[in-house]
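>>> Give me the fold of what follows.
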Amino acid sequence: MWALLALLTAWSGDVPPFQLAAMTFTVGTLIGLVSLRLRKAPLSLFRQRPVVWLVGVGGLFGYHALYFAALRHAPAAEASLIAYLWPLLIVLGSALLPGERLRWFHVAGALVGLCGAALIVTGGATVALSPRYAAGYGLAALCALTWSSYSLLSRRFGDVPSDIVTGFCAATAVLALTAHLLFETTIWPAAPGEWLAVFLLGLMPVGAAFYVWDFGVKHGDIQVIGAASYAAPLLSTLILVAAGESAMRWSVVAAAILITAGACLAALPLFARILTKRRQSPQPRTPA
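Numbering: from 1, shown residues only. From the prediction side, this is the model:
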């Protein structure tokens, strides 16, 4: 779903970033409310500790606000590459979680994936960090730190149902609307196709994806999830190529190899467990 973000954003027209965030997070909120209604889930689940709300809303709104600010103060390629350090930070930060153990292949897999993501973001060109854009680079680094911290801290709240993301989306929509009214000029989508793109953004990349991510980081293998997250920019580029919005380059093929290799490297224990289970499972007897 996150791989659709670039394409759908391009198709959404000239809607300003915070306005687009307010519109799409509103749709994301409606997804959760409809789900709660259909399952007749109690609204008491929103009665959570203040720290849960601080982490959730800070993660969703903080990440987007910092990313938008970084793009305003630094070139897009460099800012995006720095912001995309968050999967590596998740893998490294997992060592601080109870019951988790960081091994060399987790770090190696995340670094290999980062190299693949760098090829995607830069198109194989040389990245030159200029001191004049230091503020933008710093905002991008805070962006990466914000999302990785949100993901790791969410794991500590494994008892909190993922339905709480409905509340996070609602609060983020309100904050984004406030930022839009303060800093932007309203520009509505100009065509039905642009309205559809906005709706699809809220339905998937800025909606359902956050519910799935919350469940994944709380109950999945956090280190494998972190390393595998580098597939998002690769899939995003492939979708742009398929839609005719970008051209296929050698860097895309090289990135595919690096990202796949990195994810497999980080998932070595997972593959080992699967092989062990297969060897230990009873083999069917051949009838005489």
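
>>> Every contact and neighbour count from this point should use C-alpha atoms.
Noted.

>>> shaky segments in the chain?
Counting by pLDDT under 70, the ranges of the chain that qualify are 124-128, 270-275, 277, 281-288.

>>> do you know how far Ala176 is from Tyr63?
Distance check for Ala176 against Tyr63: by C-alpha to C-alpha, to the nearest Å, it reads 12 Å.

>>> same question, Val252
Note on Val252: its distance to Tyr63, by C-alpha to C-alpha, is 26 Å.

>>> What residues does Tyr63 make contact with?
Cys143, Ala144, Thr146, Trp147 (C-alpha atoms under 8 Å, 6 or more residues apart in numbering).

>>> Kindly recompute the last result at 7 Å.
With contact taken as C-alpha atoms under 7 Å, 6 or more residues apart in numbering, Tyr63 is in contact with Cys143, Thr146, Trp147.

>>> Kindly indicate the member of those with the most neighbours.
When the contacts of Tyr63 are compared by neighbour count (other C-alpha atoms under 10 Å), Cys143 ends up highest, at 29 neighbours.

>>> Can you give the contact residues for the helix or strand hosting that residue?
Following DSSP states H and E, one finds Cys143 within helix 134-156. Outside helix 134-156, the residues that touch it by C-alpha under 7 Å, 6+ apart are 55-56, 59, 62-63, 66-67, 69-71, 73-74, 79, 82-87, 89-90, 94, 217-218.

>>> what does stretch 95-111 give?
Leu88, Val91, Leu92, Ser94, Gln223, Ala227, Gly262, Ala263, Leu265, Ala266.

>>> Inside strands: which ones of those?
Assignment to strands by DSSP state E places none of the contacts of stretch 95-111 there.

>>> Can you list which of the residues you listed are found in helices?
Those of the contacts of stretch 95-111 mapping onto helices are Leu88, Val91, Leu92, Gln223, Ala227, Gly262, Ala263, Leu265, Ala266, per DSSP state H.

>>> What sits closest to the first one if chain neighbours are left out?
Residue nearest to Leu88 in three dimensions, not counting chain neighbours: Ala110, with 5.3 Å by C-alpha to C-alpha, 6 or more residues apart in numbering.

>>> any idea how far Val91 is from the one you found?
Using C-alpha to C-alpha, which is the criterion applied here, Ala110 is 7 Å from Val91.

>>> For the two, list the residues in contact with both.
Listed as contacting both Ala110 and Val91 by C-alpha under 7 Å, 6+ apart are Ala227.

>>> Give me the more crowded residue out of these two.
Set Ala110 next to Val91 and count neighbours by other C-alpha under 10 Å: Ala110 wins out with 31 against 25.

>>> Show the contacting residues for the one residue sitting closest to the centre of the chain.
With distances taken as C-alpha atoms, centre = their mean, the chain has Trp2 as the residue nearest its mean C-alpha position (6.3 Å). Trp2 makes contact with Pro205, Ala209, Ala232, according to C-alpha under 7 Å, 6+ apart.

>>> cool, and Ala173?
By C-alpha under 7 Å, 6+ apart, Ala173 lies in contact with Ala21, Ala22, Phe25, Thr26.
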